[in-house]
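Participant: Model the structure of this input:
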Amino acid sequence: MIVAIDGPAASGKSTTAKMVAKKLEMTYLDTGPCIVL
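Facilitator: Here you go, the predicted model:
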C-alpha cells in the first residue's frame, strides 16, 4: 500500500505521515529530497 500526504509547508505532513506509518506498521519515506524541479 502507498499512502501519499500532500499539503503546504509547515502544515504537519511529516509528523502526520510518521504517526500513520507507525500505526499501520509501514515504512516512512521522505521524498522531498528526491524532487527535482
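Participant: So Asp6 sits against Ala17, correct?
Facilitator: No. Asp6 is not in contact with Ala17 according to CB atoms under 8 Å; the separation is 10.3 Å. Where you see a C-beta, it was placed from the backbone N, CA and C, and this is true even at glycine.
Participant: Count the neighbours of the residue nearest to Lys22 when sequence neighbours are not counted for me.
Facilitator: Here the nearest residue to Lys22 in space, its sequence neighbours aside, is Tyr28; by CB to CB, 6 or more residues apart in numbering that works out to 7.8 Å. Look at Tyr28: counted by other CB atoms under 10 Å, it has 12 neighbours.
Participant: which phi and psi does Val20 have?
Facilitator: For Val20, the backbone dihedrals (degrees, to the nearest 10) come out as phi -60, psi -40.
Participant: how many neighbours does it have?
Facilitator: Val20: 13 neighbours (other CB under 10 Å).
Participant: From Ile2, how far off is the residue nearest to Lys22?
Facilitator: Taking CB to CB, to the nearest Å as the measure, Tyr28 falls 12 Å from Ile2.
Participant: element containing Ser14?
Facilitator: helix 13-23 (DSSP states H and E).
Participant: Grab the CA positions of that helix and hand them over as PDB.
Facilitator: What follows is helix 13-23, C-alpha atoms only, in PDB (Å, rounded to 0.1, in the frame of the first residue of the first chain):
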ATOM      1  CA  LYS A  13       2.800  16.500   6.800                       C
ATOM      2  CA  SER A  14       5.900  14.700   8.100                       C
ATOM      3  CA  THR A  15       4.600  14.500  11.700                       C
ATOM      4  CA  THR A  16       1.300  13.000  10.500                       C
ATOM      5  CA  ALA A  17       3.000  10.700   8.000                       C
ATOM      6  CA  LYS A  18       5.300   9.300  10.700                       C
ATOM      7  CA  MET A  19       2.400   8.700  13.000                       C
ATOM      8  CA  VAL A  20       0.300   7.000  10.300                       C
ATOM      9  CA  ALA A  21       3.300   4.900   9.300                       C
ATOM     10  CA  LYS A  22       3.900   3.700  12.800                       C
ATOM     11  CA  LYS A  23       0.200   3.000  13.400                       C
END
